[in-house]
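1. coords please:
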Amino acid sequence: MNDKLVKIATYFNQFDVDLAKFKLEENGIYCFIKNEHVAQLQFGLANFELMVFQKDKEAALIILEQPV
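-> Predicted structure coming up:
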């Protein structure tokens with residue numbers, strides 16, 4: 001199933017997860033930040049999880065490994 005969302009990374013602050021999301025979207029990969037609102041309400045207790053479609057996982061990981 002290629003339409004399943006999978007976690008590819010966990011971040012501990014809003015800036016890093018937003019930067020990763022921007023990099024993926026800039027390269028045409030849809031992504032979703034899981035726990036975004038919970039993490040904002042419970043600072044330091046929740047983690048931001050970056051989710052992509054299973055079919056985009058490998059490409060997304062390669063993009064995230066590239067320097068900014």
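2. Can you report phi and psi for residue 66?
-> Backbone geometry at residue 66, expressed as degrees, to the nearest 10, gives phi -70, psi 140.
3. repeat for residue 64
-> Dihedral pair for residue 64: phi -70, psi -20, per degrees, to the nearest 10.
4. Please, which helix or strand holds residue 51?
-> If you go by DSSP states H and E, residue 51 is part of strand 48-53.
5. packing partners for that strand?
-> Strand 48-53 sits against strand 5-11, helix 14-26, strand 31-34, with contacts defined as 3 or more CB pairs under 8 Å, 6 or more residues apart in numbering; DSSP states H and E. C-betas here are computed from N, CA, C, even on glycine.
6. residues of the first one that come out buried?
-> Of all the residues in strand 5-11, those buried under the rule 16 or more other CB atoms under 10 Å are 5, 8-9, 11.
7. again, but for stretch 55-65
-> 56-57, 60, 63-64.
8. Pick out the residue closest to the middle of this structure.
-> Nearest to the geometric centre of the chain sits residue 50, at 2.2 Å (CA atoms, centre = their mean).
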